[in-house]
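**Q** for reference, the sequence and a predicted model appear below.
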Amino acid sequence: MAAGRVDVRRRIDVEKVNREYGHTNPVKNVCNYPPNSKNSASFHKSKLGLGPKRCGLDNVARVKNDVRSMLDNEAKQPPQKKRKFSPIVWDLENKELSSSSKTRVIATTTSLSSPPSPVKLSNSDSNQVDKQPPVSADLIKEERSPPESLVSNSGAALSPSPSGQGCQDDEQEKDLMGKDSFQTPNLFTSRWASDDDDEDGSLTEEKIRSSSLESGEFEREELEGDGVQSDERSNNVLYACKGEDKGCKLDSGYVMDIDDIREEDAIADQSDLDVEESAGSGMNMLLGCRSVFEYERLNKISEGTYGIVYRAKDKKTGEIVALKKEKILGGRDLEEYGFPVTSLREINILASFLHPSIVKVKEVVVDDHDSVYMVMEYMEHDLKWLMDSMKRQFSTSDVKSLMLQLLEGVKYLHDNWVLHRDLKTSNLLLNNQGELKICDFGMARLYGSPLKPYTTKVVTQWYRAPELLLGAKKYSTAVDMWSVGCIMAELLTKEPVFKGTNEIDQLRKIFDTLGVPNEKIWPGFSELPGAKANYSKQLYNLLRKKFPVASFTGSAVLSDAGFDLLNRLLTYDPEKRITADDALNHDWFREIPLPKSKEFFPTFPPKV
Ligand SMILES: Nc1ncnc2c1ncn2[C@@H]1O[C@H](COP(=O)(O)OP(=O)(O)OP(=O)(O)O)[C@@H](O)[C@H]1O
C-alpha cells in the first residue's frame, strides 16, 4: 500500500462504535446508526437539527444555535480530537497519517463575507430597478459561517474487508446478521465483478426479467472470468481520457481535469484542516457497511466521470434502487487518500442531507475490490434524457412545478452552506410521482465567510456562471443560481440556452444574448482575469427575443413575470443575482397557469 493510503480494510471495533455513538444496545451490523434511526441521513438530520422541518431555514441564528447545542452535546461525549470544518469525514490510522507528509483533505472554514444583497433587475439593461426589500440588518450583522454540525459526524460508514463479506469477517457477519442472512458471493461470477453491461449500456426487458429470476445462475455464465479486469477497465477510462487532452470530455462539452480539483484542494489546504485533525474523530466512513452482494445488479443506467450508475434490486426486500459505483481513479487520490476526494464529498454530503428535492442515499455498500457503492432511491428519469426523448415541450405549469422543486432543493443546500457547483439537467432526476431530486454532489463543497479562492473549473460549461468563465476565484451561491437560470430556459425550450463549444465561445454566446457587461451593471467586472479579452460588441439584452410573450410558431413563450425571474437568474453581477429564497417567492409562481401539482404531473416511458 502506498504511503498515506487509507486502509479501508479495517475491521469494525463494535465496542468502540457503541461507545462513540452512545448506543445502549450493541451495534448489530451495517452502518452505525443509533437505535431507532432508519438510516444515516435521518440520524444526521436528527442530530444536526436539519431534518425536514428545518427545510427552508434561513435564520442564521438558528443554525448557530444548532451548532452550539451540537458542540454542547459533543462536550458531554468522551474527549475526542476536535475537528475543524470539513465536508469529509474518514478514518485514518494514526500510524499511516504520520507516514504521509501531504495528507490533507479539502475543507473550508469559510463563510460568506458579503451577505445576500438586495436584488436589482440587472444584466445588460442599463435601467436597473431595485425591486427587492433591503436585506434585514440582522442578517447582515450575522457572521455567516458553516455549521460545524453539518460537517462533523456525517458520512455513512464504510469498511470493506478482505473477506468479501462487506466489512465483517465471516464469523462476525454470521453473528451480527443471522446465519442465513448472507449469501457468500462469488466475485468472479457476479454481475458486480464487471463494470460492463450490454453493448448499448442497457438490458432488454427480457434480459432484465431473466436476470431477476435467480441471481447468480444467469450472471455466472455471462461474466465468467471477467471480474479481475473490472478495476483496470474503470481506471482506463480516465487514463485514456487524460491521455487525450488532460481532461475528460463530458456530455455537454465540459472538460473537467482531475488536476483542477487537486488545484482546488491545494488552495483549500493552505488554511484548512489536515487529515490528522480529522482522523481522531468523526465516523469511519467505511465502518460497518454491508456488501454489494445484498443487491442484484439489473442494468447500467449511466457511466460518468466519477461513477457508474446501475439499477439494482434489494435481494431481501425486492426494492429497486440505484447504485452508484464510485470510480477509484488512481493517481494521487488513490495513493494519498485511498479514495477519491470527489466521492468522499458526495457521500458525506448526501448522507448528511434529507430533503424531498435531494436524492436520498439509503446506505453505502462495498465489494471485495475496495469499490464503494452509494445506494440511492431509484428515480426513473433525468431531465436531460427526458427532454431529449420527449416530443413536446414541458407546459408552463410543468416548468413551474419543476422549478419550484429545484429551487427548494437549492435553497436547502445554500441554507446548509453547500454549493452544488454542477447543476445541470442531467443532474436533476424525476420519478413517476412528479418529484424532482438533485443528484451528483461530486463537485459540491462547503462555503463560508470570508470567501476563499476555489477552482473555477466547476459547473458544466453550458451552465457555468460568467464570473467563473471570467476567472473569478472567489464565488458563492450565485454560481448555482446562474445554473438554475440556464435550467429554467432549457426546461422552457428543451434546448440549452448557451451552448458554447469552449470557454471563450461560451462567453461569446452569453454576451451575444445578454450584451457585454460593463462596470456600471457589474462593478468589479473589469478586474476579472478574463475581462480584458476582446469579446462581442453586442451591447443589448436580447433575451426577450428568445422568450417572447406570444408566439405563432409554437416556440416557448414567457409572461412578463416569468421573464423577470429568468432575467434575475441570468443577471451578470453575482451580488445582484436572485437568491433561491427570493426566487421561490417570485410572482411567476403565483400567476396563472399555476404550478402543476405533483400528482398530476405527466408520467413518461421508462428509460430501460
Ligand atoms: N438515484 C438515481 N436513480 C436513477 N438514475 C440515477 C440516479 N442517480 C444518477 N442516475 C443517473 O446516472 C447519471 C449519472 O449520475 P451522476 O451524475 O451522479 O454520475 P457522475 O459519474 O458524477 O456523472 P457526470 O460525470 O455526468 O457528472 C444521471 O444523469 C442519471 O441519469
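**A** In hand now; what should we look at?
**Q** convert whichever strand or helix holds residue 376 to CSV, retaining C-alpha atoms only.
**A** Using DSSP states H and E, residue 376 sits within strand 372-377. Provided in CSV are the C-alpha atoms of strand 372-377 (Å, rounded to 0.1, in the frame of the first residue of the first chain):
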residue,chain,number,x,y,z
VAL,A,372,-17.6,1.6,-2.9
TYR,A,373,-21.2,2.0,-4.0
MET,A,374,-23.8,4.5,-2.9
VAL,A,375,-27.3,3.0,-2.7
MET,A,376,-29.8,5.6,-3.7
GLU,A,377,-33.5,5.7,-4.2
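**Q** measure the closest residue to the ligand within the stretch 351-500 of the chain to residue 431 for me?
**A** Nearest to the ligand in the stretch 351-500 of the chain, going by CB to the nearest ligand atom, is residue 440, at a distance of 3.3 Å. For every residue, glycine as well, the C-beta is placed using N, CA and C. In this view, residue 440 and residue 431 are 16 Å apart by CB to CB, to the nearest Å.
**Q** what does residue 579 give?
**A** Distance from residue 579 to residue 431, by CB to CB: 27 Å.
**Q** just checking, residue 430 touches residue 383?
**A** Yes - using CB atoms under 8 Å as the test, residue 430 is close enough to residue 383 to be in contact (6.1 Å).
**Q** okay, and the common contacts of the two?
**A** Contact criterion CB atoms under 8 Å, 6 or more residues apart in numbering; residues shared by residue 430 and residue 383: 402, 436.
**Q** wouldn't residue 543 be in contact with residue 569 here?
**A** No - in this structure, residue 543 is not within contact of residue 569 by CB under 8 Å, at 10.6 Å.
**Q** on that earlier part again, and residue 579 and residue 431? which has more neighbours close in?
**A** residue 579 (23 against 17; other CB atoms under 10 Å).
**Q** state the pLDDT value of that one.
**A** Residue 579 carries a pLDDT value of 98.
**Q** need phi/psi at whatever residue of the chain ends up closest to the ligand.
**A** Taking CB to the nearest ligand atom as the measure, the chain has residue 304 as its residue closest to the ligand, at 2.1 Å. Per-residue torsions, residue 304: phi -110, psi -160 (degrees, to the nearest 10).
**Q** got any ranges where the stretch 401-550 of the chain has weak pLDDT?
**A** Across the stretch 401-550 of the chain, the ranges flagged by pLDDT under 70 are 449-458.
**Q** near the ligand, which residues of this structure?
**A** With CB under 6 Å from any ligand atom as the criterion, the chain meets the ligand at residues 250, 301-302, 304-307, 309, 322, 324, 359, 376-379, 382, 385, 426-427, 429, 439-440, 442.
**Q** looking at those, which are in helices?
**A** residue 385 (DSSP state H).
**Q** my guess is residue 442 contacts residue 346, does it?
**A** Yes - counting by CB under 8 Å, residue 442 does reach residue 346; the two are 4.8 Å apart.
**Q** overlap in contacts, those two.
**A** Shared contacts of residue 442 and residue 346, counting by CB under 8 Å, 6+ apart, come down to residue 306.
**Q** quick one: low-confidence parts of the chain?
**A** In the chain, residues with pLDDT under 70: 1-191, 193-287, 328-339, 449-458, 607-608.
**Q** can I see the domain layout of the protein?
**A** Per the TED database, the domain ranges recorded for the chain read 287-378, 381-600.
**Q** just name the most buried of those.
**A** domain 287-378 (a mean of 22; mean count of other CB atoms under 10 Å).
**Q** which strand or helix spans residue 351?
**A** Assigned by DSSP H and E, residue 351 falls in helix 341-352.
**Q** what sits opposite residue 309 in the beta ladder?
**A** Assessed by DSSP bridges, residue 309 has beta-bridge partners residue 302, residue 324.
**Q** could you shift the numbering so residue one becomes 14, and keep it that way?
**A** Taking 14 as the first residue, the last one we looked at is residue 322.
**Q** hang on, it packs against residue 316?
**A** Yes - using CB under 8 Å, residue 322 makes contact with residue 316 at a distance of 7.5 Å.
**Q** in the stretch 414-563 of the chain, which spans are strands?
**A** 431-432, 441-443, 449-451, 458-459 (DSSP state E, counting those that start in this stretch).
**Q** elements contacting the first one?
**A** With contacts defined as 3 or more CB pairs under 8 Å, 6 or more residues apart in numbering; DSSP states H and E, the secondary structure elements packing on strand 431-432 are strand 458-459.
**Q** tell me what the strand it packs on is packed against?
**A** Strand 458-459 packs on strand 431-432, going by 3+ CB pairs under 8 Å, 6+ apart.
**Q** ok, residues contacting the strand it packs on?
**A** So strand 431-432 is contacted by 100, 163, 362, 426, 454, 457-460, 489-490, 492-493 (CB under 8 Å, 6+ apart).
**Q** let's see that with 6 Å instead.
**A** With CB atoms under 6 Å, 6 or more residues apart in numbering as the test, strand 431-432 has contacts from 457, 460, 493.
**Q** sheet partners, orientation included, of that strand?
**A** Strand 431-432 is paired, per DSSP bridges, with strand 458-459 (antiparallel).
**Q** redo the contacts of strand 431-432 as TSV? Include distance to residue 406.
**A** As requested, these are exported to TSV (distance: CB to CB, whole Å):
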residue	distance to residue 406
457	30
460	34
493	24
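**Q** which one of the residues you listed sits closest to residue 384?
**A** residue 457 (21.5 Å; CB to CB).
**Q** re the thing from before, and the next element down the chain from the helix holding residue 364?
**A** Next along from helix 354-365, by DSSP H and E: strand 374-379.
**Q** convert the C-alpha atoms of that following strand to CSV, please.
**A** Below are the C-alpha coordinates for strand 374-379, written out as CSV (Å, rounded to 0.1, in the frame of the first residue of the first chain):
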residue,chain,number,x,y,z
VAL,A,374,-28.8,7.8,-0.1
LYS,A,375,-30.0,4.7,1.7
GLU,A,376,-26.7,3.2,2.5
VAL,A,377,-23.2,2.7,1.3
VAL,A,378,-22.0,-0.8,0.4
VAL,A,379,-18.7,-2.3,-0.7
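**Q** so which elements touch that strand?
**A** When contacts are defined as 3 or more CB pairs under 6 Å, 6 or more residues apart in numbering; DSSP states H and E, strand 374-379 packs onto strand 385-390.
**Q** could you give the angle of the strand it packs on to helix 354-365?
**A** Going by axes from the mean of the first three to the mean of the last three CA atoms, to 10 degrees, strand 385-390 is angled at 40 degrees with respect to helix 354-365.
**Q** contacts for strand 385-390, please.
**A** Contacts for strand 385-390 (CB under 6 Å, 6+ apart): 171, 305, 334-339, 360, 372-379.
**Q** report the strands that pair with that strand, each with its relative direction.
**A** For strand 385-390, pairing defined by DSSP bridges yields strand 333-339 (antiparallel), strand 374-379 (antiparallel).
**Q** quick check: the gap between residue 498 and residue 486.
**A** Between residue 498 and residue 486 the computed distance is 22 Å (CB to CB).
**Q** can you count the residues close to residue 393?
**A** 19.
**Q** show me the contacts for it.
**A** Residue 393 touches 444, 445, 619, counting by CB under 6 Å, 6+ apart.
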